[in-house]
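Trainee: structure for the following, please:
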Amino acid sequence: MSIHPSAIIAEGARIPASSTIGPYCTVGPTVELGEECTLISHVVIDGRTRIGARNTFYPFCSIGVAPQDLKYKGEPTQTVIGDGNTIRECVTISRGTAGGGGVTRLGSGNLLMAYAHVGHDSQVGSRCILANSATLAGHVIIEDDVTLGAFCPVHQHCVLGAHAFIGGGTIVTQDVLPFSLTSCRRENKAFGINKIGLERKGFSPERLQRLQKAYRYLLAAKLNTTQALEKMRALEGEDVALLVKFIERSERGVIK
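Mentor: Numbering: from 1, shown residues only. The predicted structure follows:
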């Protein structure tokens, strides 16, 4: 096991021999690391935190720390992280709260760039990118394959749909449609599907055409949301069905 002499590993922490702990790292007593994890230096991991395999933590990130919630009174809540994530400099991930489900969760294959923040009880899927200083308030849900641009704050209880791309500097206060390209010029708007991103992920021309038709009903046909949903339900394809269900279950409303 490679543990730098300056690192502080609390008794009770579970660290496999394949992991590397660099200088001045601190690992708490109820932390469990998976195989082949790397803590480069000055990393703090605390709380009831369970981390999968092959995760890399860059200097000055803080994982599983107490939530920034005045209602939190030290309850034994959790942070759960999957496999193959890259957590860059100064990222903060807060553990959950008793009132919010008790778990902050990060999936697998994600990239969290410098100064990103994942607030308490947030649920982040897999293969997502949170660019520099993207900030999730508590209770945010991010589905799979989402890209959140730099300096984007996301309001509590918002849901970001799968495959969405949110442009830098967008203040997200409502749910973001799956597959969408959403950004802020003078006000937040969805500008259609995230065509380039979806092509890179292997979406066929037929899938893209069906999604484009659904988005024309939703954004460009001068229909209200109820009328657009009626038209969209008649279209074929699992992607359109997912989009319809996302809109139907939205509690904060969607950005159109």
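
Trainee: in the stretch 51-200 of the chain, which spans are helices?
Mentor: Along the stretch 51-200 of the chain, the segments classed as helices by DSSP state H, counting those that start in this stretch run 195-200.

Trainee: now do the SS call for Ala214.
Mentor: Three-state call for Ala214 (DSSP: H, G, I helix; E, B strand; the rest coil): helix.

Trainee: scratch that, Leu218 is what I was asking about
Mentor: Secondary structure state of Leu218, per three-state DSSP, is helix.

Trainee: could you find the closest non-adjacent residue to it?
Mentor: Using C-beta to C-beta, 6 or more residues apart in numbering and skipping the chain neighbours, the partner closest in space to Leu218 is Ala228 (4.6 Å). Bear in mind the C-beta positions are built from the backbone N, C-alpha and C, glycine included.

Trainee: that neighbour contacts Ala221, correct?
Mentor: Yes. Taking contacts as C-beta atoms under 8 Å, Ala228 lies within contact range of Ala221: 6.7 Å.

Trainee: who has more neighbours out of those two?
Mentor: Legend: neighbour count by other C-beta atoms under 10 Å for Ala228 and Ala221, higher for Ala228 (22 against 11).

Trainee: quick check: neighbours of the helix or strand of the chain with the lowest mean pLDDT in the sheet, parallel or antiparallel?
Mentor: The helix or strand of the chain with the poorest confidence is strand 188-193; it has a mean of 81 (mean pLDDT, DSSP states H and E). Note on strand 188-193: by DSSP bridges, its sheet partners are strand 180-184 (antiparallel).

Trainee: can you pull the buried residues of the strand it pairs with?
Mentor: With burial defined by 16 or more other C-beta atoms under 10 Å, the residues of strand 180-184 counted as buried are 180-184.

Trainee: also stretch 149-165?
Mentor: 149-150, 152, 154-156, 158-165.

Trainee: likewise stretch 16-34?
Mentor: Result for stretch 16-34 [16+ other C-beta under 10 Å]: buried residues 19-22, 24-28, 30-34.

Trainee: quick one: which of the residues you listed is nearest to Ser122?
Mentor: The shortest approach to Ser122 among those belongs to Val31, at 19.3 Å (C-beta to C-beta).

Trainee: how about the closest one, phi and psi?
Mentor: Main-chain dihedrals, Val31, degrees, to the nearest 10: phi -90, psi 140.

Trainee: measure it to Cys37 for me?
Mentor: Computed as C-beta to C-beta, to the nearest Å, the Val31 to Cys37 distance reads 11 Å.

Trainee: what sits in contact with each of those two?
Mentor: Residues touching both Val31 and Cys37 (C-beta atoms under 8 Å, 6 or more residues apart in numbering): Ile51.

Trainee: now the least confident helix or strand of the chain - C-alpha only, PDB.
Mentor: This file holds the C-alpha atoms of strand 188-193, laid out as PDB (Å, rounded to 0.1, in the frame of the first residue of the first chain):
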ATOM      1  CA  ASN A 188     -33.000  30.900 -20.100                       C
ATOM      2  CA  LYS A 189     -34.200  29.100 -23.300                       C
ATOM      3  CA  ALA A 190     -34.000  25.600 -24.800                       C
ATOM      4  CA  PHE A 191     -32.700  26.000 -28.300                       C
ATOM      5  CA  GLY A 192     -33.600  22.500 -29.600                       C
ATOM      6  CA  ILE A 193     -31.800  19.200 -29.300                       C
END
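
Trainee: in a markdown table: the buried residues of stretch 16-34, plus secondary structure and pLDDT.
Mentor: A markdown table is the format used below for the buried residues of stretch 16-34 (DSSP: H, G, I helix; E, B strand; the rest coil; pLDDT from 0 to 100):
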| residue | secondary structure | pLDDT |
| --- | --- | --- |
| Ser19 | coil | 97 |
| Thr20 | strand | 97 |
| Ile21 | strand | 98 |
| Gly22 | coil | 98 |
| Tyr24 | coil | 98 |
| Cys25 | coil | 98 |
| Thr26 | strand | 98 |
| Val27 | strand | 98 |
| Gly28 | coil | 97 |
| Thr30 | coil | 97 |
| Val31 | strand | 98 |
| Glu32 | strand | 98 |
| Leu33 | coil | 98 |
| Gly34 | coil | 97 |
